[in-house]
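> My questions are about this predicted structure, shown below with the sequence.
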Amino acid sequence: MNRPKSLQFSIIFFFAVSSVVTFLMLGSYVVYDYHKELRTNLHNSLSVFADDVVRHKLYQNDPNTIKESFHLLEGYHEAPFVALFDHLSFDLSQDKPSDAQACRVVRELPDDRYLVVSSGLEAVNSKTMLFIYKLLSVFGSVLLLFILIFAFFLNRLFMPLRCLVRFCQDSSVENRNMPLCSGSTEVTDLKKAIVGLLESNQTLCKQKQDIFKEAAHEIKSPIAILKARLALFKQNKDFDKTTFIQESEDDIRTISNKLRELLFLKEIEWDMQKKKESVAMQLQCTMMQEAFKPILEKKGLTMVSNWEEDFTLSVHKEAMKKVMQAVFENIFMHTKNNTTITNYVDSKNRRLHIVNEMGDKSDETLFSSYIGSKMIERLADKLDYTYNVQEKEGMFYTTIVFGVSEKAG
């Protein structure tokens, strides 16, 4: 596969081709005008010769004598237009010849004859070609000089860009300091973008490392307990198998829940790096109701709300969506089948108060995660809300109050 041409080469090539095309167009006009002027001067000179022949009555001689008479005149030898004459000839004719050619002049004589003064165009064409050669040599020299200057300028202009390319291609860990690479505004902006990407990549790597560190710390104790339980079961053959299986499943469930909670928190942190957006709470709750529609139908649940008092928040949309999902999951897990969940909306205080009748602990497996109340409370400071749950007289009360955020940018 052919390697694409560099931008520097493409610019120089375009500059050279444009210059050549422009020169050919203008040069053709200049050469044409120069050739036309030489022919006009030749024609005018022949007219002067013809007029002098008539004025000095040289036509009374034969054509050769007339031509020799002109060669003997010193003034004509010094005239600049003489260099244009090529095969200068004088003819006398009884019939009027045509003077359509540019190198022929016809004059009527007093004796009813016609004088024809003519000259070839070889000298005119020769001078035109000499002019073309000079024009080409001057243009070639100037074009070469300009290309060298332009190439030097582009080379200096592209040095910062090549500096950035070398830095991006250098994958060595030892040299990660950003070079100066000073250049134009575009190069400076590109440098800032590269630095931003590097910093984002480093932040992402650090976050991934933190996840593994935190995960290792969180599940270290449950795994140690599970290992100890396995060791006891192996040593004590009288250990009840059913009890062992139940306790081991509880240990595995604890490890799984901790991992789910940890991933949930990290997803929230990543989502919070995005810009804030305007989010209508009615839309959020409607989305949750649609997302959990199979659960609502399976458990026979009904949701009612007074959304006449809807309110809008400026929040990290995806992060808040995950929190609201966790809130409703927690509510559904504590709701009795075939009952109603009521949402009380207080738009003035940005408050949601959700009431439902409690039932037995749900064993549903369709929930995306089992994020408890403590986990939702842990995120309250980051997303600017307060969260509270209460169990009273068989009812489960959930209250979430949102802070006043700045408008989404």
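Done, it's in.

> Over to Val142. Which of the three states is it?
Secondary structure, DSSP: H, G, I helix; E, B strand; the rest coil: Val142 is helix.

> Against Val54, how distant is Asn118?
In this structure residue 118 is Ser, not Asn. 16 Å (CB to CB, to the nearest Å). All C-beta spots, glycine's among them, are computed from the backbone N, C-alpha and C.

> quick one: which of these two has more around it?
Using other CB atoms under 10 Å, the more surrounded residue of Ser118 and Val54 is Ser118, with 18 against 15.

> Now do the contacts for the closest residue to the more buried one other than its chain neighbours.
Leaving out its chain neighbours, the residue that sits closest to Ser118 by CB to CB, 6 or more residues apart in numbering is Arg104, at 4.3 Å. Taking CB atoms under 8 Å, 6 or more residues apart in numbering, we find Arg104 in contact with Leu46, Pro97, Ser98, Val116, Val117, Ser118.

> Check the second one and give its pLDDT.
I take that to be Pro97. With respect to pLDDT, Pro97 has a value of 75.

> May I have the secondary structure class of it?
coil.

> Tell me which residues touch it, please.
Arg104, Val106, Tyr114, Val116.

> how far away is it from Val116?
Counting by CB to CB - Pro97 and Val116 are separated by 6 Å.

> joint contacts of those two?
Arg104, Val106.

> For the host helix or strand of Val345, the averaged confidence score.
Using DSSP states H and E, Val345 sits in strand 340-346. Mean per-residue pLDDT for strand 340-346: 89.

> Can you list the strands that it pairs with?
Take DSSP bridges as the rule and strand 340-346 pairs in its sheet with strand 302-305 (parallel), strand 351-357 (antiparallel).

> By mean pLDDT, show me the worst of the ones you listed.
Of all these, strand 302-305 carries the lowest average pLDDT, namely a mean of 86.

> mind exporting stretch 298-305 as PDB, just the C-alpha atoms?
Extracted C-alpha coordinates of stretch 298-305, given in PDB (Å, rounded to 0.1, in the frame of the first residue of the first chain):
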ATOM      1  CA  LYS A 298     -45.700  -9.500  37.900                       C
ATOM      2  CA  LYS A 299     -46.200  -8.200  41.400                       C
ATOM      3  CA  GLY A 300     -49.500  -6.500  40.500                       C
ATOM      4  CA  LEU A 301     -48.200  -3.000  41.600                       C
ATOM      5  CA  THR A 302     -49.700   0.300  40.700                       C
ATOM      6  CA  MET A 303     -47.900   3.700  40.800                       C
ATOM      7  CA  VAL A 304     -49.800   7.000  41.200                       C
ATOM      8  CA  SER A 305     -48.300  10.500  41.300                       C
END
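
> Mind listing residues that contact it?
By CB under 8 Å, 6+ apart, stretch 298-305 touches 282, 285, 289, 295-296, 332, 335, 337-345, 364.

> Just the buried ones among those residues, please.
Gln282, Cys285, Gln289, Ile295, Leu296, Phe332, Thr335, Ile341, Asn343, Val345 (16 or more other CB atoms under 10 Å).

> Surely the second one and Asn343 touch.
Yes: between Cys285 and Asn343 there is a contact at 6.5 Å, judged by CB atoms under 8 Å.

> any common contacting residues for those two?
Common neighbours of Cys285 and Asn343 (CB under 8 Å, 6+ apart) are Ser305, Trp307, Leu352.

> Can you give me the pLDDT of the closest residue to the second one other than its chain neighbours?
So that's Trp307. Counting by CB to CB, 6+ apart, Gln282 is the residue found nearest to Trp307 once chain neighbours are left out, at 4.6 Å. On pLDDT, Gln282 comes in at 82.

> and Gln282, how far is that from Arg55?
111 Å.

> just checking, next helix/strand downstream of the worst-scoring helix or strand of the chain on mean pLDDT?
Using mean pLDDT, DSSP states H and E, the weakest-scoring helix or strand in the chain turns out to be helix 74-78, at a mean of 49. Following helix 74-78 in sequence order, the next helix or strand is strand 89-93 (DSSP H and E).

> most packed of the strands paired with strand 340-346?
strand 351-357 (a mean of 18; mean count of other CB atoms under 10 Å).

> low-confidence ranges in the stretch 51-200 of the chain?
70-86, 98-102, 170-180, 183, 199-200 (pLDDT under 70).

> Mind doing that once more with 50?
By pLDDT under 50, the low-scoring segments of the stretch 51-200 of the chain are 74, 77, 79, 83, 173-175.

> just the strands in it please.
For the stretch 51-200 of the chain, the strands defined by DSSP state E, counting those that start in this stretch occupy 89-93, 104-108, 114-118.

> would a markdown table of those with distance to Ser184 be doable?
Shown next, in a markdown table, are the strands of the stretch 51-200 of the chain (distance: least, CB to CB, whole Å):
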| stretch | distance to Ser184 |
| --- | --- |
| strand 89-93 | 69 |
| strand 104-108 | 64 |
| strand 114-118 | 65 |
